[in-house]
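# Build the 3D model from these lines:
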Amino acid sequence: MKRWYVAQVCPGYEDAVKKDLERRVQELKTDLIGQVLVPSARAKNIFFQEEGEEDERLFPGYVLIEMEKTPDAMAIACSTPKLSRFLGGKDPVPLSRKEIARVLSQVSGEVTVAPQKKEEFVVGSEIEINEGPFAGFVGIIDKVDEQNEKLTVMVSIFGRLTPVELTFDQVKK
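Next up, the predicted model:
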């Protein structure tokens, strides 16, 4: 029974390893190895005010191989140039059905948006304001509004603590 395994390859050579392995499978006329997948998805790129879509590797430096775990299949795969090793070493562990279903759904999806890292703000912690009229000031978080992504920060202005309302992207920890 064929299962999916993760192989580590030299970064940047994922497509070359895929083509080489598929060519070798055709030459040997073996059915021990099925699909070879370089997981990538269309992602919205919002960088430097330019919007666009591009293929983005989900797991750079890795290739997914559908194969039967036999010595012959392992030998074919491991002798492929630029393929370093299988995750799990000499006895690789296949991906679970749930894991491979998630990866395949990401690959087949039209567009995936990379989630932005959300910072955790804690009342009483010190933050630095990096945007707006109070840029350069340091303040202490008084209130956190997760739903609207706003903070109330106590800032010392002319020697008095003054509450200032800011958005999450105007501050850094």
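
# mind checking pLDDT for the residue lying closest to residue 20 once chain neighbours are set aside?
Spatial nearest neighbour of residue 20, excluding adjacent residues (C-beta to C-beta, 6 or more residues apart in numbering): residue 80 at 5.5 Å. Yep, even glycine has a C-beta here, placed from its N, CA and C like the rest. Here the pLDDT value assigned to residue 80 is 91.

# residue contacts, residue 80?
17, 20, 21, 24 (C-beta atoms under 8 Å, 6 or more residues apart in numbering).

# Take those and lay them out in CSV including neighbour count.
As requested, the contacts of residue 80 are exported to CSV (neighbours: other C-beta atoms under 10 Å):
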residue, neighbour count
17, 23
20, 16
21, 24
24, 15
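
# picking up where we left off before, how far away is the residue nearest to residue 20 from residue 87?
Separation of residue 80 from residue 87 (C-beta to C-beta, to the nearest Å): 15 Å.

# And residue 24, by the same measure?
With distances taken as C-beta to C-beta, residue 24 is found 21 Å from residue 87.

# got it, and residue 30?
As judged by C-beta to C-beta, residue 30 and residue 87 stand 22 Å apart.
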